[in-house]
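1. Predicted coordinates and the sequence they were generated for:
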Amino acid sequence: MDSFYEQLVTTKKTAAYSFANGATYVFGVLGFLFIGGGMNLPLAVIAIGAAVGLFFLKKKLYREYEYDFTNGEIDIDVIYEMKSRKRLVSFSAKEIELLAPLDSDPVKGFSNKPEKVLKLYPSTSKERVYVAMVTGGTNRMQIHFVPSEKFIDLCYKYNPKAVKKFL
């Protein structure tokens, strides 16, 4: 039997995102006004440069995450501004040594924690954060994410020793 589940973890527009979005337009318009008015060319270049920098910054400020579970394989993607997607990590559920809530005793007592920590959930998320200690294969990392109950159940089905369920 095939197991497939997709979970989209959405976010909302933060104050930093709204500020960067508005400032992008303000600096862009100012830059073109400086050029069109024949005013100060260095100020125009600085304003347009700031607009371009803020354009790319605001992309990083609005991130959603998608967790895919396909027959024991887990893929986590980041989605920038609901437009572009990038695969962050892929691993097998069998490579997980521990999957438990971040503040639980099994996580606190886990010995030889991987040094690499990936925070793969939006900062606006109010859901309970889980940690997956991935120690199998070549990747050793701690993945902090906010899986749903169904996602945790699927992980339990493929690796029952590693998954610690807490309500």
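-> Thanks, I have it.

2. tell me the contacts of the spatially most central residue of the chain?
-> By CA atoms, centre = their mean, the chain has its centre lying nearest to residue 120, at 3.6 Å. Neighbour list for residue 120: 65, 76, 78, 88, 89, 143, 144, 145 [criterion: CB atoms under 8 Å, 6 or more residues apart in numbering]. Just so you know, the C-beta spots here come from the backbone N, C-alpha and C atoms, and that holds for glycine as well.

3. quick one: the first one from residue 29, how far?
-> In this view, residue 65 and residue 29 are 33 Å apart by CB to CB, to the nearest Å.

4. do the same with the last one
-> Note on residue 145: its distance to residue 29, by CB to CB, is 39 Å.

5. higher neighbour count, these two?
-> residue 145 (24 against 12; other CB atoms under 10 Å).

6. per-residue confidence at the more buried one?
-> Residue 145 carries a pLDDT score of 96 in this model.

7. if I read this right, it contacts residue 132, doesn't it?
-> Yes: under the criterion of CB atoms under 8 Å, residue 145 makes contact with residue 132 at 7.1 Å.

8. List the buried residues for stretch 64-77?
-> Across stretch 64-77, burial judged by 16 or more other CB atoms under 10 Å covers 64, 65, 66, 67, 68, 69, 72, 74, 76, 77.

9. oh sorry, the question was meant for stretch 160-167
-> 162, 163, 164.

10. tell me the secondary structure for the closest residue in space to the second one that isn't next to it in sequence?
-> Sequence neighbours aside, residue 156 is the residue nearest to residue 163 in space, at 4.2 Å (criterion: CB to CB, 6 or more residues apart in numbering). When classified by DSSP: H, G, I helix; E, B strand; the rest coil, residue 156 comes out as helix.

11. repeat for residue 121
-> coil.

12. what's the burial count for it?
-> Neighbour number of residue 121 under other CB under 10 Å is 22.

13. residue contacts, it?
-> Contacts of residue 121 (CB under 8 Å, 6+ apart): 9, 65, 127, 129, 144, 145, 146.

14. any idea how far it is from residue 63?
-> 9 Å.

15. now swap in residue 127 and tell me
-> Residue 127 is 15 Å from residue 63, by CB to CB.
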